[in-house]
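A.B. asks: Predicted model and sequence follow; I will ask about them next.
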Amino acid sequence: MHTLTSQDRRQAAQAEPSAEQSLLACIREQSTVFTAAVVLIEQLETAATTRNLGDPDSVVQLQQTLEQIVTAQQKVAKAHERFIALKITTSAALRNALAQHEDTLKKLVTRIDSLQHVFETIRNKLSPELDADIRRRSMHSAYQKSLKSV
């Protein structure tokens, strides 16, 4: 059986605040990324609603934001694993940060759902127009082929 030396206890005591501070910093960073994603999605939603969908930079921005979300999530996961491994009691500051982070995440999910609804509405409105255009082009192509064969 291994008994803790005073040095082991000091190291554990020093690791606890460090692990919590690391997790807290990662959660705050992820919240910042989520907030930026909310802003971008709101811009995309406005553009989609006004049918101003021609900006290719918005796709690049969305891709970059998604990459930032993945990176931030990986950092949080690592910091959380360390925090859990040390069996640290959650401080009030960390609980508050998590509550704020939860609110930010809820906003992000709400904006994503809203944007999805806008895109589905646009798709449903455009679908009959696209079907008619495809049918017209197909008939035109068939007519052109029949003229060439005559």
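C.D. replies: Structure received.
A.B. asks: Show me the shaky parts of this structure.
C.D. replies: Confidence mapping of the chain against pLDDT under 70 gives the ranges 1-17, 53-55, 131, 133, 150.
A.B. asks: Tell me where it has helices.
C.D. replies: Read by DSSP state H, the chain holds these helices, from start to end of the chain: 6-49, 56-85, 92-149.
A.B. asks: Please dump those into CSV; it should also carry mean neighbour count for every row.
C.D. replies: The way it works is simple: take the backbone N, C-alpha and C, and place the C-beta from them, glycine included. Conversion of the helices of the chain to CSV gives the following (neighbours: other C-beta atoms under 10 Å):
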stretch, mean neighbour count
helix 6-49, 16
helix 56-85, 14
helix 92-149, 12
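A.B. asks: which residues touch stretch 51-67?
C.D. replies: Residues from elsewhere that reach stretch 51-67, judged by C-beta atoms under 8 Å, 6 or more residues apart in numbering: Val33, Ala36, Ala37, Leu40, Gln43, Leu44, Ala47, Ile122.
A.B. asks: same thing but at 6 Å, please
C.D. replies: Residues outside stretch 51-67 that contact it (C-beta atoms under 6 Å, 6 or more residues apart in numbering): Ala37, Leu40, Leu44.
A.B. asks: can I get these in CSV with distance to Ser146?
C.D. replies: Putting these into CSV (distance: C-beta to C-beta, whole Å) gives the following:
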residue, distance to Ser146
Ala37, 53
Leu40, 50
Leu44, 45
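A.B. asks: Return the member of the residues you listed nearest to Lys87.
C.D. replies: Proximity of these to Lys87, judged by C-beta to C-beta, is greatest for Ala37, which lies at 32.5 Å.
A.B. asks: list the contacts for that closest one?
C.D. replies: For Ala37, the set of contacting residues under the criterion of C-beta under 6 Å, 6+ apart consists of Thr65, Leu108.
A.B. asks: let's see it at 8 Å
C.D. replies: Counting by C-beta under 8 Å, 6+ apart, Ala37 has contacts Thr65, Gln68, Ile69, Leu108, Arg111.
A.B. asks: Next: Leu115.
C.D. replies: For Leu115, the set of contacting residues under the criterion of C-beta under 8 Å, 6+ apart consists of Ile41, Leu44, Glu45, Ala48.
A.B. asks: Spatially nearest residue to it, not counting backbone neighbours?
C.D. replies: Counting by C-beta to C-beta, 6 or more residues apart in numbering, the nearest residue to Leu115 once its immediate chain neighbours are dropped is Glu45, at 4.8 Å.
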